[in-house]
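S.K.: From the sequence below, what's the structure:
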Amino acid sequence: MDEVASQGNCVIVGRGPPYHLRERPDAFHVFLYAPRAEKLRRIQRQGKSLREAEELVETVDRERIEFVKHYFGADWPTRSLYNLMINTLIGNEKVIEVVLNTMKTLEERSSS
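M.R.: Next comes the predicted model:
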């Protein structure tokens, strides 16, 4: 990750980057989340039953917590590592808009 980040602008997806790249002042970390009901709705739209969706949400969230605890000795999510946390209920286009606008604002503030 450090090598890729050192080569210039990039997007790295996953739970590790905020921990691996936390000392880089040029890194911009975004945490995307959705309320449980929305996660269940999205999974059911893919053809899963409510029970299957509930099991999947619980399993994935538990695995995320365990992964971060195991590899980084931290709680998931470690909010202090993120520049921005967005509830994805606002929609994909708005998520992108908020991320880009926030990055632009921070860039402008650091250059003035």
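S.K.: Show me where this protein has its helices.
M.R.: Ranges of helices in the chain, per DSSP state H, are 2-6, 17-20, 36-45, 50-72, 92-111.
S.K.: Report the central residue of this protein.
M.R.: residue 31 (2.8 Å; Cα atoms, centre = their mean).
S.K.: is it in a bridge, and if so with what?
M.R.: residue 85 (DSSP bridges).
S.K.: so how far is residue 50 from it?
M.R.: Here the criterion is Cβ to Cβ, to the nearest Å. By it, residue 31 lies 26 Å from residue 50. Glycine gets a C-beta too; all of them are placed from N, C-alpha and C.
S.K.: quick one: stretch 19-34 to chain centroid distance?
M.R.: 8 Å (Cα atoms, centre = their mean, to the nearest Å).
S.K.: typed the wrong thing, it's stretch 40-53
M.R.: Relative to where its chain is centred, stretch 40-53 has its mean C-alpha point 21 Å off (Cα atoms, centre = their mean).
S.K.: can you count the residues close to the residue lying closest to residue 67 once chain neighbours are set aside?
M.R.: For residue 67, ignoring the flanking residues on the chain, the nearest one in space by Cβ to Cβ, 6 or more residues apart in numbering is residue 15 at 6.0 Å. Applying other Cβ atoms under 10 Å, we find 17 other residues in the vicinity of residue 15.
S.K.: Let me see the contact set for residue 15.
M.R.: Under the criterion of Cβ atoms under 8 Å, 6 or more residues apart in numbering, the neighbours of residue 15 are 64, 67-68, 76.
S.K.: Just the buried residues of the residues you listed.
M.R.: Neighbour counting over these (16 or more other Cβ atoms under 10 Å) leaves 68, 76 as the buried ones.
S.K.: Let me have the contacts of residue 15 in a markdown table, adding distance to residue 104 and pLDDT as columns.
M.R.: Rendered in a markdown table, the data for the contacts of residue 15 read as follows (distance: Cβ to Cβ, whole Å; pLDDT from 0 to 100):
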| residue | distance to residue 104 | pLDDT |
| --- | --- | --- |
| 64 | 30 | 94 |
| 67 | 32 | 95 |
| 68 | 29 | 95 |
| 76 | 28 | 91 |
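S.K.: Residue 88: which of the contacts of residue 15 is nearest?
M.R.: Using Cβ to Cβ, residue 64 is the member of the contacts of residue 15 that sits closest to residue 88, with 15.5 Å.
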